[in-house]
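Novice: Build me a model:
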Amino acid sequence: MAAEYQLSFLSEGDQKAAELSWVYNQTPTGDLSLGELQGWKQRVLEFQRSVRATPVVRQGTLFDVTATSDPLDALDPFHLPQRNAEFWRGCFDESGPPALYFVVDHELPLLLYVGETIKSNQRWQGEHDCKRYILNYIAAHRPHGLPVTVNIGFWPYAPCDRKTRQALELALIQRWRSPFNKENWRLWGTPFVGSRAPE
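Specialist: I've put the predicted structure just below:
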């Protein structure tokens, strides 16, 4: 077992970079045992089940006259139309609308990753770290003969404004605690991050 991580007195930006560096160095070598894999998935599943069962609490105001639809209340990542993780290889006539997207293992189900994009049909072209996490996640299931069904669902109603879209993305990452998003690595660990591609 590696030495425990100790916080430093770096600036916030430097500290985040140091934390990410530490996380990459904590990735286990070799395959996960059946117990480790199932235990990790069960912890995430139990948390996300509790999220699904608990309505989002909103702070009201005295001046709310009309009810507004909040995507955090209505958006269910598990019921979006599913696309194969290699969807981006297809030919598209358009770049696609702004969207939030969700990587889900529908076998349990587990929400693994939340992302945002201005061009939903082009987002996954080229390099994307989450592609590696998905491949490592699927590969971890193979030696144990466990079923796995990883797909991507797009919610095509995301705001066009980048800051607004990213704020909604962050709220969903925090709500669901999706384990492939770096914001949640300290909570769930990083068994599927694997080696970084050479720069």
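
Novice: pLDDT weak spots in the chain?
Specialist: 1-30, 55-71, 85-96, 120-126, 195-199 (pLDDT under 70).

Novice: Do you have the strands of the protein handy? List them.
Specialist: 82-84, 99-105, 110-117, 150-155 (DSSP state E).

Novice: by contact count, what packs against the last one?
Specialist: Here strand 150-155 touches strand 82-84, strand 99-105, helix 129-141, going by 3 or more Cβ pairs under 8 Å, 6 or more residues apart in numbering; DSSP states H and E. Yep, even glycine has a C-beta here, placed from its N, CA and C like the rest.

Novice: Adding distance to Arg175 and mean neighbour count, write the ones you listed out as CSV.
Specialist: Shown next, in CSV, are those (distance: least, Cβ to Cβ, whole Å; neighbours: other Cβ atoms under 10 Å):
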stretch, distance to Arg175, mean neighbour count
strand 82-84, 21, 15
strand 99-105, 12, 23
helix 129-141, 18, 18
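
Novice: With respect to Gly35, which of those lies nearest?
Specialist: helix 129-141 (12.4 Å; Cβ to Cβ).

Novice: Can you tell me the number of residues neighbouring the residue nearest to Gln38 when sequence neighbours are not counted?
Specialist: Nearest non-adjacent residue to Gln38, counting by Cβ to Cβ, 6 or more residues apart in numbering: Leu146, 7.9 Å away. Look at Leu146: counted by other Cβ atoms under 10 Å, it has 14 neighbours.

Novice: what does the one 5 residues further on give?
Specialist: By the criterion of other Cβ under 10 Å, Asn151 has 18 neighbours.
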